[in-house]
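**Q** Next come a sequence and a model predicted from it.
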Amino acid sequence: MGMLYYGGSADPIPVEDRALAHLKVVIATKLRRNESFTLSWRHPETEHPGRSTIWLHPSIPLRFVFDEPEPPALSAEWITTMANSANSSGGITLVPEDVQKSDV
C-alpha cells in the first residue's frame, strides 16, 4: 500500500501502489502545466464510511511513497481515464482499474 502525503498533514492518504503510480503520472502532468484540480476517493473499508476530496495546486507540497521498489507497468487506458476526469469539473475520481492493462 502506497501513501500520498499532501500539504503539511502528517496523515497520509493510503492508495494501492499500482493506482498511485498511475495517479502520479496524471497529477505530475497537470501540476507541471501549472493546473489546479481536485482529487476524490472513497474511504477504505477499514476507515469511517464516506469519501474525501482535496484541492491539488502546484504550490502545495506533495509526496508519493511506494511500498514496492520497482514501478509497475502502466496502463495507457487507465491514465487516459484519469486524465480525462482531471480535466472535468469534478476532478480526478480515483476508481479501480477496470480496463485492459497495456504497457506505456
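**A** All right, it came through fine. Predicted, not measured: the structure shown is a model, and the values here were computed from it.
**Q** which residues are in contact with the longest helix belonging to the chain?
**A** In the chain, taking DSSP state H as the definition, the longest helix is helix 17-32. With contacts defined as CB atoms under 8 Å, 6 or more residues apart in numbering, helix 17-32 is touched by 1-2, 4, 15, 37, 39, 56-58, 62, 64, 66-68, 71-72, 74-75, 78-79, 82-83, 86, 92, 94, 96-97. Using the backbone N, CA and C atoms, a C-beta is placed for each residue, glycine as well.
**Q** What average pLDDT does it get?
**A** Throughout helix 17-32, pLDDT has a mean value of 95.
**Q** can you pull the buried residues of it?
**A** In terms of neighbour count (16 or more other CB atoms under 10 Å), helix 17-32 has its buried residues at 17-24, 26-27, 30-31.
**Q** Show me which of the contacts of helix 17-32 are buried.
**A** 2, 4, 15, 37, 39, 56, 62, 64, 66, 74-75, 78-79, 82-83, 86, 92, 94.
**Q** can you tell me which of those residues are in strands?
**A** Applying DSSP state E to these, the entries found in strands are 2, 4, 15, 37, 39, 56, 62, 64, 92.
**Q** Greatest separation within those residues: which pair is it?
**A** 2 and 37 (20.0 Å; CB to CB).
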